[in-house]
Each structure stands twice: as structure tokens, then as C-alpha cells.
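Undergrad: just need the structure, nothing else, for what follows:
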Amino acid sequence: MIRNNTQLLELLEDGDEASFKVVYNHFYSRLYHFVAEYIPNKDLVENVLQDTFLTLWEKKSSLQKNTNLNAYLYTIAKNNSLKKLRDQRYKQAIFLSSQLSEFELELHAGALDKLETSNILFSEIEQIIQKTLDTLSPQCRLVFELSRFQHCRNHEIAEKLSISPKTVEGHMTKAIKAFRVSLKDYLPLVSFLIHHI
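TA: Sure, this is the predicted structure:
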């Protein structure tokens, strides 16, 4: 998780590219999973994310110090996804690359439209994540944090912690089960946490 949101926003506002890269690396995979829940087309998902991060860069000087980056980026990604789902040209691309019917696509757009991406929701989610992390054993928690928050691969985690890749998988399975239960009401906003990568 990004620890100092305010400092990062200040650096972003000044056009600091390193800070932008930190935000990009931190949010890319979670936003990817979020958008892919609604748009079953890899190229369109990447297109939505490109537009999302471009919007962040273009509007960086108008960000408030108390802006919640989670809520801000998910809201942009949500709105960009809705534009694609409602645009006939993009609908055609989705039909050609997936098994979705027009009715199913409308259901996706409707569900996404109703999805709440406010600051309040994200502070609730952060509290639940913290509480769930606290229930895990120290090693299980460390494995999960290295995987989901530092984007380490299983073999890298195994090397770092001097444990077998099988043990890493076991810890990840246990942690993912715990998060599936605690975050069931907040899917797909947090799908990046509970998918095996």
C-alpha cells in the first residue's frame, strides 16, 4: 500500500515522473483486474488503463492534498470502462473476442454503473484488509504482502524467505481464502487481492 498519499500527491502536482511511476506500478495490476471483470478484451482493458493514467497525469495539478488515489483512479477507470461498454465500435470488438451476448454486456455496464468508488468505501476496505492481515500468521502475512503489495513472484518470495515454492503457494491459498470471506461484499474492487497471479 502507498504509505504517504499527501507527499506523493505533492510530487505528482510538481510533475515528478518518479512519483507517477510509483503510482502506476502500485495500481496497474489491481486496476487491470478490476476493469477485466467488466471488459473481457485484453486490448480494451489496456486501452482503458492507458486513458486512466493519462487522465491522472493531465489533471495532476488540480489534485487536492486530501485526494484518495484509490478512489480517484478507480472512478476514472470505471468511467472509461463505461464509455467503452456503451460505444458501438468497442461493443463490436468485445462481441468478437468473447462469448458475451448483448444482454450480458448491458448487465456488465449496469453493474459497473451502480458500483460505488467513493473515498468512504475505500477507507472501509483498507480497514478490512488491515484486520484480515492481522488474522494471518506472521509468515503467511509476509508472503501475501510480498506477493500482492510488492508484486514479487512465488519463486522470488521462496528465495527471499528461504522456504519452498510449495510453502509459498500454501500461504497464498490460506491468505486468499481469508480475503475471499472478509471482502466478499467489495468485489470486484479488490479482485487483485484474491486472484492467483
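Undergrad: centroid-wise, who is the farthest residue in this protein?
TA: Ranked by distance from the centre of the chain (CA atoms, centre = their mean), the top residue is S162, with 28.8 Å.
Undergrad: tell me the confidence at that one?
TA: Per-residue pLDDT puts S162 at 96.
Undergrad: please report how far it lies from D185.
TA: S162 sits 37 Å away from D185, taking CB to CB, to the nearest Å as the criterion. In this view, the C-beta of every residue, glycine as well, is placed from N, C-alpha and C.
Undergrad: how deep is K42 tucked in, by neighbour count?
TA: 11 (other CB atoms under 10 Å).
Undergrad: could you do the one 3 residues further on as well?
TA: As a burial measure, the neighbour count of V45 was computed by other CB under 10 Å and equals 22.
Undergrad: cool, the one 4 residues further on as well?
TA: Here the count is done by other CB under 10 Å, and L49 has 24 residues near it.
Undergrad: equivalent analysis for L56, please.
TA: 19.
Undergrad: how far away is the residue most central in space within the chain from G15?
TA: Taking CA atoms, centre = their mean as the criterion, R30 is the residue nearest the geometric centre of the chain, at 2.0 Å. In this view, R30 and G15 are 24 Å apart by CB to CB.
Undergrad: got the domain ranges for this structure?
TA: 5-115, 120-194 (automatic domain parsing).
Undergrad: what's the single longest helix in the chain?
TA: Secondary structure assigned by DSSP state H gives helix 17-36 as the longest helix of the chain.
Undergrad: pull the residues that contact the following helix or strand past that one.
TA: Sequence order places helix 42-58 as the next helix or strand after helix 17-36, per DSSP states H and E. For helix 42-58, contacts defined as CB atoms under 8 Å, 6 or more residues apart in numbering pick out 12, 20, 23-24, 28, 31-32, 35-36, 39, 72-73, 76-77, 80-81, 84, 90, 93-94.
Undergrad: identify each buried residue in helix 42-58, please.
TA: Going by neighbour count (16 or more other CB atoms under 10 Å), the buried part of helix 42-58 is 44-45, 47-49, 51-53, 55-56.
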